[in-house]
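K.L.:
Predicted coordinates and the sequence they were generated for:
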Amino acid sequence: MTSIDLLSVMANLVSDAVRGRLALWNREDLAGNIALERPSGKGHGDLSANIALIAAGAAGIPPRDAAALLVEDLRASEELMKLCNSVEIAGPGFINLFLSDGVLSDTASRALAEGTEFGAGVVDKQESILLEYVSANPTGPLHAGHARYAAFGDSLKRILVYAGHQVTTEFYINDYGTQMLNFGRSLAARYAQLCGHEVQFPEDGYQGEYTVHIARLIEQQIGDEMIGHVLPEPDAAAIDFFKQEGCRLVLQDIRAILGRFRVNFDNWFLESSLYGSGAVDEALETLEAAGEVETREGAKWLLTSRFGDDKDRVLIRSSGEPTYFTSDIAYHLQKLSRGFDRLINIWGADHHGYVPRMKAAFEALSHDPQRFEIIIGQLVNVIEMGERKQMSKRAGTMVTLQELLDSIGADAARFFLVERSNDSTLDLDLEKAKLQSEENPVYYVQYAHARICSILRRAAEEGLAAPADTTSVSGEPLAGQERELIMKLAEFPRVVRIAAETRGPQRITTYARELAAVFHVFYHNCPVIRAEPETTVFRLGLCRLTRNVIARSLDLVGVEAPQSM
RNA sequence: GCGCCCGUAGCUCAGCUGGAUAGAGCGUCGGCCUCCGGAGCCGAAGGCCACAGGUUCGAAUCCUGUCGGGCGCGCCA
């Protein structure tokens, strides 16, 4: 069942009414594509159509003349005119619709009847999607950069699911390769230090204080049992041991902290498992069979430049070791084999140069690169003492997700991070964030929700029941603030659809703020409990509906909707 | 040098599959609690939407170029 969507209903009626005229002008194609918008200024009605402006060229007449003809068609449509008080031409040729009170209260009534599912299932075509995000080296705690992608990815998942897609989320754990060996060496060095030995710290090692903490946990388990393997230089067994233990402890921590951030993954996928299962070798064979691999200078190259990449890329080093690229191809082949319609990856901007080669690999294997979508999230910088620093685990300069949660909490952190478009870089000053958290817009929205809950509680105490599935009409004309509120509520299905289509969770936060604002205005102008009995019932219905939509909006970005605060 | 992203109010940012007078929060100034939650509401000030061309009825939005900032350009991941 699809959700009641006033904007689509009206667009369809307009479309039917003008189709014949558009056909005369040889622009029947426009009929399927009528865009009704909320006009900006006052006095322009409730909905506005720009169809005359677009079609005027084809009609060979001035836009306002085209509008006049189209308005005749609209006025001839009984079905449409039942819902409109009037249809007018304004400005350069806009056609403005003034909706009747009846269609507005009816829309509210139907939306309310849908309960908490209003706006759900709005996509045209349902897809099964694998959404991979955060995906980090398990070499340290998650920082604010990961927090951004976590908040974005989890919100996107919620939105896509609500919009009607089937979504599986996955965290890819890069537990293989040189960075992990580096991590193992760093821990071995910390361990030796904890055991009272002076050792040289690896040159590119992980400097952060957290490595001491992890080494201490390991030391508490095993005492100085490993010290023989660590001095004077850690041997292979020691590096492997510390790598494994470190990975285990870090992942434990990552899972816990993501849980606190309300981010839960369906799957955790170990890169190392691709080696164990032979998937990496298979991927290489598949690429070779496709005839896209060449051996040069002792290494095997994938000829990605044939598919738009800047240059060819190494699959197998001259040492015989596969590169990260090869295992990543294996991973994505594995994803495809699980039968998803679409793969979506969220990557940090520092990996964007990697996009063309992965797309090229898809094409080399004759897979449609359209099915493989990569969303780039711009970076997060830490501001300390007015100085910008980049998040770096190796240098140890970072604000961790844990610090973020401890200082401002999950609600403010998620709202703060998701509000910004993923295309913009984000500066994070923790001290400022603490201050800002008190004025965080999330509270503005939550406050509206709590306020409505309070009204509904009060109404119940006074024996006034909010209607559960209908909004009865008082017979009085709707107040301006009621119309504004209903129109804003009616936008919700479209907002969900656009947020899903454009992969833009910030559409939801923006909408939630707008809705809260419209509600606050309604509240200050339209008494609910102290109104005439019939009006009270109607407004209680609007309150319930608004509460449902605010709660759902907040849920779509993983923020709680408190009953009181 | 080449590629990707960004440049909108004093600050932080929405809006960018083209629409009418460009929005919000914070900050500044001035109002509103005998009345359903003042974490709220109302009002004021504040903008050549980086710049220059182009596309068209119409451009913050699309195209080209310039300037400024971020990121990337490994047989690292």
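P.N.:
Structure's in. What do you need?
K.L.:
Whichever residue of chain A sits closest to RNA strand B: how many residues sit nearby?
P.N.:
Here the residue of chain A nearest RNA strand B is residue A:353; by CB to the nearest atom of the strand that distance is 2.2 Å. Just so you know, the C-beta spots here come from the backbone N, C-alpha and C atoms, and that holds for glycine as well. For residue A:353, the neighbour count with other CB atoms under 10 Å is 10.
K.L.:
likewise residue A:411?
P.N.:
Counted with other CB under 10 Å, the neighbours of residue A:411 add up to 22.
K.L.:
Which positions within the helix or strand containing it qualify as buried?
P.N.:
Using DSSP states H and E, the element containing residue A:411 is helix A:401-419. If you call a residue buried by 16 or more other CB atoms under 10 Å, then helix A:401-419 has these buried ones: A:401-405, A:408, A:410-419.
K.L.:
Where does the record place the domain boundaries for chain A?
P.N.:
A:6-99, A:128-177+A:264-438, A:441-556 (automatic domain parsing).
K.L.:
Mind putting the ones you listed into a markdown table with distance to residue A:564 and mean pLDDT?
P.N.:
A markdown table is the format used below for those (distance: least, CB to CB, whole Å; pLDDT from 0 to 100):
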| stretch | distance to residue A:564 | mean pLDDT |
| --- | --- | --- |
| domain A:6-99 | 32 | 89 |
| domain A:128-177+A:264-438 | 15 | 90 |
| domain A:441-556 | 5 | 90 |
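K.L.:
sorry, back to before: now for the buried residues of helix A:401-419, which pair is the farthest apart?
P.N.:
Farthest-apart pair in the buried residues of helix A:401-419 is A:402 and A:419; separation 21.4 Å (CB to CB).
K.L.:
Let me know the secondary structure of the residue of chain A closest to RNA strand B.
P.N.:
Secondary structure for residue A:353, judged by DSSP: H, G, I helix; E, B strand; the rest coil, is helix.
K.L.:
Tell me how far it lies from residue A:310.
P.N.:
9 Å (CB to CB, to the nearest Å).
K.L.:
before we move on, back to that, close to RNA strand B as well: tell me which of the buried residues of helix A:401-419 qualify.
P.N.:
The overlap between the buried residues of helix A:401-419 and the neighbours of RNA strand B (CB under 7 Å from any atom of the strand) comes to residue A:419.
K.L.:
just the buried residues of helix A:401-419 now: which is nearest residue A:463?
P.N.:
For the buried residues of helix A:401-419, the nearest to residue A:463 is residue A:411 (33.8 Å; CB to CB).
K.L.:
Go ahead and confirm residue A:88 touches residue A:75.
P.N.:
No - the criterion here is CB atoms under 8 Å, and residue A:88 misses it with residue A:75 at 10.6 Å.
K.L.:
which residue is nearest the centroid of chain A?
P.N.:
Centroid-nearest residue in chain A, with CA atoms, centre = their mean: residue A:156, separated by 2.7 Å.
K.L.:
Mind checking what secondary structure it has?
P.N.:
Per three-state DSSP, the local secondary structure of residue A:156 is helix.
K.L.:
That one contacts residue A:132, doesn't it?
P.N.:
No - with contact defined as CB under 8 Å, residue A:156 does not count as touching residue A:132 (11.4 Å).
K.L.:
joint contacts of these two?
P.N.:
Residues touching both residue A:156 and residue A:132 (CB atoms under 8 Å, 6 or more residues apart in numbering): A:344, A:346.
K.L.:
Name the surrounding residues that touch stretch A:409-423.
P.N.:
By CB under 8 Å, 6+ apart, the residues outside stretch A:409-423 that reach it are A:147-148, A:151-152, A:155, A:260-262, A:346, A:375-378, A:404-405, A:408, A:426, A:433, A:436-437, A:440-443, A:445-446, A:504-506, A:508-510, A:557-560.
K.L.:
Would you mind measuring from residue A:361 to residue A:337?
P.N.:
Where residue A:337 is concerned, residue A:361 sits at a distance of 15 Å (CB to CB).
K.L.:
The two: who's more crowded?
P.N.:
residue A:361 (27 against 9).
K.L.:
before we move on, which element is the residue lying closest to that one once chain neighbours are set aside in?
P.N.:
Distances taken as CB to CB, 6 or more residues apart in numbering place residue A:329 nearest to residue A:361, at 5.0 Å, with adjacent residues excluded. Using DSSP H and E, the element containing residue A:329 is helix A:324-337.
K.L.:
partners of the very next helix or strand once past that helix in the sheet?
P.N.:
Sequence-wise, the next helix or strand beyond helix A:324-337 is strand A:342-348, with elements assigned using DSSP H and E. Its sheet considered, strand A:342-348 pairs with strand A:128-132 (parallel), strand A:372-377 (parallel) by DSSP bridges.
K.L.:
Report the distance from the helix holding residue A:329 to the chain centre.
P.N.:
Between the centre of helix A:324-337 and the centre of its chain there are 24 Å (CA atoms, centre = their mean, to the nearest Å).
K.L.:
Is it positioned near RNA strand B?
P.N.:
Yes - Helix A:324-337 reaches RNA strand B (CB under 7 Å from any atom of the strand) through A:324-325.
K.L.:
elements contacting that helix?
P.N.:
Secondary-structure packing of helix A:324-337 (3 or more CB pairs under 8 Å, 6 or more residues apart in numbering; DSSP states H and E): helix A:271-276, helix A:279-289, strand A:313-316, strand A:342-348, helix A:355-364.
K.L.:
Reformat the ones you listed as a markdown table; add distance to RNA strand B.
P.N.:
Output for those, formatted as a markdown table (distance: least, CB to the nearest atom of the strand, whole Å):
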| stretch | distance to RNA strand B |
| --- | --- |
| helix A:271-276 | 6 |
| helix A:279-289 | 12 |
| strand A:313-316 | 3 |
| strand A:342-348 | 8 |
| helix A:355-364 | 7 |
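K.L.:
Give me the buried positions along stretch A:205-218.
P.N.:
A:205-208, A:210-211, A:214-215, A:218.
K.L.:
so how far is that stretch off the chain centroid?
P.N.:
Distance of stretch A:205-218 from its chain centroid, counting by CA atoms, centre = their mean, is 33 Å.
K.L.:
same question, stretch A:532-548
P.N.:
Its chain's C-alpha centre and that of stretch A:532-548 lie 32 Å apart, by CA atoms, centre = their mean.
K.L.:
Please verify my assumption that residue A:342 contacts residue A:373.
P.N.:
Yes - taking CB under 8 Å as the definition, residue A:342 is a contact partner of residue A:373 at 6.5 Å.
K.L.:
Quick one: residues contacting the nearest residue to residue A:299 once chain neighbours are set aside.
P.N.:
In this structure, residue A:299 finds its nearest non-sequential neighbour in residue A:318, 4.7 Å apart by CB to CB, 6+ apart. Neighbour list for residue A:318: A:297-299 [criterion: CB under 8 Å, 6+ apart].
K.L.:
tell me which parts of the stretch 101-250 of chain A are close to RNA strand B?
P.N.:
Contacts of the stretch 101-250 of chain A with RNA strand B, taken as CB under 7 Å from any atom of the strand, map to A:137, A:174, A:176-179.
K.L.:
For those, give me JSON lines that also has secondary structure and neighbour count.
P.N.:
Listed next are these as JSON lines, based on DSSP: H, G, I helix; E, B strand; the rest coil; neighbours: other CB atoms under 10 Å:
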{"residue": "A:137", "secondary structure": "coil", "neighbour count": "19"}
{"residue": "A:174", "secondary structure": "coil", "neighbour count": "19"}
{"residue": "A:176", "secondary structure": "coil", "neighbour count": "20"}
{"residue": "A:177", "secondary structure": "coil", "neighbour count": "16"}
{"residue": "A:178", "secondary structure": "helix", "neighbour count": "10"}
{"residue": "A:179", "secondary structure": "helix", "neighbour count": "18"}
